[in-house]
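Student: Sequence and predicted structure are below.
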Amino acid sequence: MDKNLLAKIKADVIKKFPEFKGIAPKITTKAMPDHRNLSKKLTLGAGMRKMAKKITSMRFTKTVKTADNVKLERHLIVTMDENGEILKITESR
């Protein structure tokens, strides 16, 4: 995925979650099968494979202290498709 697009998405996420400002995310990319046309895939036969979508995740991790000085890790995971559209945002408590 383009670095400029990742920077734009990161800036948008920081606006919504300012507590993760200044934290560099861990970025991972993996290929996921496209299940939207499952019936077409079944009729094509086993020899023809459908192209996989590339899913990119940005994982922000921050360590915070509670009132009783216990350290906890907070996580924010942003999952997006290859076009930069955010599919899901997951935040730990």
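Tutor: Yep, it's here.

Student: mind listing what the spatially most central residue of the chain touches?
Tutor: Nearest residue to the geometric centre of the chain (CA atoms, centre = their mean): Thr79, 2.0 Å. Residues counted as contacts of Thr79 (CB atoms under 8 Å, 6 or more residues apart in numbering) are 55-57, 86-90. Placement of C-beta: from N, CA and C, glycine included.

Student: part of a helix, is it?
Tutor: No. Secondary structure assignment (DSSP: H, G, I helix; E, B strand; the rest coil) places Thr79 in strand, not in a helix.

Student: what's in contact with the longest helix seen in the chain?
Tutor: In terms of residue count, the longest helix belonging to the chain (DSSP state H) is helix 3-16. Applying CB under 8 Å, 6+ apart, the contact partners of helix 3-16 are 20-21, 25, 27, 56, 58, 60, 76, 78, 80, 84, 86, 89.

Student: low pLDDT regions in the protein?
Tutor: Along the chain, segments meeting pLDDT under 70 span 1, 34-52.

Student: so where do the strands sit in it?
Tutor: Counting by DSSP state E, one finds strands in the chain at the ranges 26-32, 53-65, 71-80, 86-91.

Student: got those as a markdown table, with distance to Ala11 columns?
Tutor: Conversion of the strands of the chain to a markdown table gives the following (distance: least, CB to CB, whole Å):
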| stretch | distance to Ala11 |
| --- | --- |
| strand 26-32 | 15 |
| strand 53-65 | 12 |
| strand 71-80 | 12 |
| strand 86-91 | 13 |
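
Student: and of those, who's closest to Asp2?
Tutor: Of all those, it is strand 53-65 that lies closest to Asp2, at 10.4 Å by CB to CB.

Student: in stretch 63-81, what's buried?
Tutor: Residues 74, 76-78, 80 are the ones in stretch 63-81 that count as buried (16 or more other CB atoms under 10 Å).

Student: do the same with stretch 8-26
Tutor: 9-10, 13-14, 17, 20, 23, 25.

Student: what's the farthest-apart pair in those residues?
Tutor: By the measure CB to CB, Ile9 and Ile23 form the most distant pair in the buried residues of stretch 8-26, at 14.4 Å.
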